[in-house]
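Asks: Just the structure for this:
(one chain, ligands or ions: 1)
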Amino acid sequence: MPLHGEYVRGTFDLSADQVAAFEAQDGRGETGFNPAGAPIVVLTSVGARSGKLRKSALIRVEHDGTYAVVASLGGAPQNPAWYFNLTANPHVELQDGARKHDYRARQVDGDEYQRWWDRAIEIWPDYVEYQTKTDRKMPIFVLERLSRKVQITRYGGPDVLEVVEATRPEPAAGQVLVEVVVASLNPAEVGIREGAFATIWPADFPQGMGHDFAGVVAAAGPGVTGFAVGDEVVGYAQRGSMADFAVVDAGSVGPKLAGLGFAPAAVVPAAGATAWATVAAVDPAPGETVFVSAASGGVGVLAGQLARLAGARVIGATSAANMPRLEALGIEPVRYGPGLESRLRAMTPDGLDAVIDTFGGGYVELALALGVPAKRINTITDYAAVHRYGVQGRGNGDALSPDIWSELQALIASGRLVVPIEAEYPLEDIARAYLDVATRHGFGKRAVRLRPDPIA
Ligand SMILES: NC(=O)c1ccc[n+]([C@@H]2O[C@H](COP(=O)([O-])OP(=O)(O)OC[C@H]3O[C@@H](n4cnc5c(N)ncnc54)[C@H](OP(=O)(O)O)[C@@H]3O)[C@@H](O)[C@H]2O)c1
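Replies: Sure, this is the predicted structure:
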């Protein structure tokens, strides 16, 4: 959670001016260095006594995304004021260039002190001289990045969703740590939170939330090949993409297409892959007519377009409000609700060839009543119908493949597949985001944005 409070400019003008110049220019050019040419960062801490925000320009000591700050005060006998701030409230903000994030400060000693001291004096050798001037051992704080994450500690309504902060997780062997840029929201996550899947996928509380995402590799665990820090990726997390950092098995991560926005890329591994699988299941031939049941939904809107790209005529059920938007994507809209069967019969005198059900609640029965063979019907939600009628039930699990994700991203980048994003939410609005998803209305996808798209 960002620090809140009134900023009070320091009394030492030179330092306060340095902070102001750095912030005004995001540390570009000369503002990123002290007068002697050493790189600097700006540390914001909470005043130990005043509770107001204080800022200090300090030498930049960084290693693998972790920073250290040395409480030298030029070798003065006393510690700098910010030392007391960090001791009283370890939650700080650090700006390095244009990047500004929250960190937890931890005073180090022993071998850890020595490692950071060696790094610090390499960048600013004057620390050695400062140390000779004072009897106090100049304290060093390591600043570890804080990671916000959504978690639940019990099943229930939106009120069980909490945003908590912890230090950045570490990837284990075979895992990749991803700094999430956008995480997509899926209706199944509402059911997971409510405990609807508790017997088949029991939660291990505290439990993270969210699956598909687009982000940037922050670290790779032992044994991981093919991913490097800074790579843009998409992937599928086992409940945990709603976080600044997600730990994901390397096999569930694939490349993100350069230049593609992170929001459309984030929906590819779940909704995109599901749409791909459901269209592959019914395998439409050019000239055939395909009906999609919830054609304005996150999966339906993509499945309809993919069936069109296969050369089919596509009819999609939707509310009146979304009809023009579907039409603009080349899908013939038909209003769902009472009378749908007769409206469909009137639109398809030669009948339907295939049906993609993304809503459930009777669409499979409607397809069968319209004479569509069971093997040309695929549902991603009505598993009772799969057992009862022998229709297909292919979905996300049949297309969890980085190759398919790449194929879909190429279609999106070329403009042939459009990903409508109904809304983006900040992480703090997660309860509202899932309430909106639970309405089961809207056009396309909803997503959580953790940070702006990185500039290429
Ligand atoms: N098996 C799998 O692998 C898999 C993967 C992903 C999703 N799913 C499941 O598939 C379903 C669809 O997912 P999704 O992400 O596409 O859902 P979604 O985006 O939440 O779907 C909402 C859409 O449903 C439409 N809708 C509402 N009432 C309707 C009705 N009576 N008839 C037809 N459409 C109606 C809404 O249209 P209007 O706004 O126009 O009213 C809205 O666009 C969910 O149950 C989800 O859990 C399964």
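
Asks: in a strand, that's where Gly371 is, yeah?
Replies: No. The assignment for Gly371 is coil, going by DSSP: H, G, I helix; E, B strand; the rest coil, so no strand is present there.

Asks: so who does it touch?
Replies: By C-beta atoms under 8 Å, 6 or more residues apart in numbering, the contact set of Gly371 is Gly351, Leu352. Backbone N, C-alpha and C define where each C-beta goes, glycine included.

Asks: Could you measure from it over to the ligand?
Replies: Distance of Gly371 to the ligand, computed by C-beta to the nearest ligand atom, to the nearest Å: 20 Å.

Asks: While we're on that residue, how confident is the model there?
Replies: pLDDT, Gly371: 98.

Asks: what are the ranges of the helices in the stretch 151-300 of the chain?
Replies: Here the stretch 151-300 of the chain has its helices, by DSSP state H, counting those that start in this stretch, at 187-194, 262-266, 273-282, 300-309.

Asks: Reformat these as JSON lines; add mean neighbour count and mean pLDDT.
Replies: Below are the helices of the stretch 151-300 of the chain laid out as JSON lines (neighbours: other C-beta atoms under 10 Å; pLDDT from 0 to 100):
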{"stretch": "helix 187-194", "mean neighbour count": "18", "mean pLDDT": "96"}
{"stretch": "helix 262-266", "mean neighbour count": "26", "mean pLDDT": "98"}
{"stretch": "helix 273-282", "mean neighbour count": "25", "mean pLDDT": "98"}
{"stretch": "helix 300-309", "mean neighbour count": "27", "mean pLDDT": "98"}
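
Asks: Arrange the ones you listed in CSV, one row each, with distance to the ligand as further columns.
Replies: Formatted as CSV, those follow (distance: least, C-beta to the nearest ligand atom, whole Å):
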stretch, distance to the ligand
helix 187-194, 4
helix 262-266, 13
helix 273-282, 4
helix 300-309, 5
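
Asks: between those helices, which one is nearest to Ile200?
Replies: Evaluated with C-beta to C-beta, these place helix 187-194 nearest to Ile200, the distance being 10.3 Å.

Asks: Quick one: residues in contact with the closest one.
Replies: Residues from elsewhere that reach helix 187-194 (C-beta under 8 Å, 6+ apart): 152, 155-158, 160-161, 197, 201, 203, 209-211, 239, 298, 434, 437-438, 440.

Asks: Please produce a ChimeraX select command covering the buried subset of these.
Replies: Entered in ChimeraX, the line below selects the buried ones among the contacts of helix 187-194, by 16 or more other C-beta atoms under 10 Å:
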select :152,155,160,161,203,209,210,211,239,298,434,437,438
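
Asks: that older thread, any chance of a markdown table for the helices of the stretch 151-300 of the chain, columns distance to Leu329?
Replies: Conversion of the helices of the stretch 151-300 of the chain to a markdown table gives the following (distance: least, C-beta to C-beta, whole Å):
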| stretch | distance to Leu329 |
| --- | --- |
| helix 187-194 | 21 |
| helix 262-266 | 14 |
| helix 273-282 | 13 |
| helix 300-309 | 6 |
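
Asks: Alpha carbons of stretch 215-224, as PDB, please.
Replies: Extracted in PDB, the C-alpha atoms of stretch 215-224 (Å, rounded to 0.1, in the frame of the first residue of the first chain):
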ATOM      1  CA  GLY A 215       4.000  -9.600 -16.700                       C
ATOM      2  CA  VAL A 216       7.800  -9.500 -16.700                       C
ATOM      3  CA  VAL A 217      10.100 -12.200 -15.300                       C
ATOM      4  CA  ALA A 218      11.700 -10.900 -12.100                       C
ATOM      5  CA  ALA A 219      13.700 -14.000 -11.200                       C
ATOM      6  CA  ALA A 220      14.100 -17.600 -12.300                       C
ATOM      7  CA  GLY A 221      14.500 -20.500  -9.800                       C
ATOM      8  CA  PRO A 222      17.200 -23.100 -10.000                       C
ATOM      9  CA  GLY A 223      17.000 -25.300 -13.100                       C
ATOM     10  CA  VAL A 224      14.900 -23.000 -15.100                       C
END
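
Asks: Pull out the buried residues from that stretch.
Replies: When burial is assessed from 16+ other C-beta under 10 Å, stretch 215-224 yields the following buried residues: Gly215, Val216, Val217, Ala218, Ala219, Ala220, Gly221, Val224.

Asks: Can you flag which of those belong to strands?
Replies: In strands, defined here by DSSP state E, the members of the buried residues of stretch 215-224 are Gly215, Val216, Val217, Ala218, Ala219, Ala220.

Asks: Against Val229, how distant is the fifth one?
Replies: Going from Ala219 to Val229 by C-beta to C-beta, to the nearest Å gives 6 Å.

Asks: residues from the stretch 201-350 of the chain in reach of the ligand?
Replies: Counting by C-beta under 6 Å from any ligand atom, the stretch 201-350 of the chain comes close to the ligand at 270-271, 274, 293-294, 296-300, 317-319, 322, 336.

Asks: Report the distance from stretch 364-379 to the chain centre.
Replies: 36 Å (C-alpha atoms, centre = their mean, to the nearest Å).
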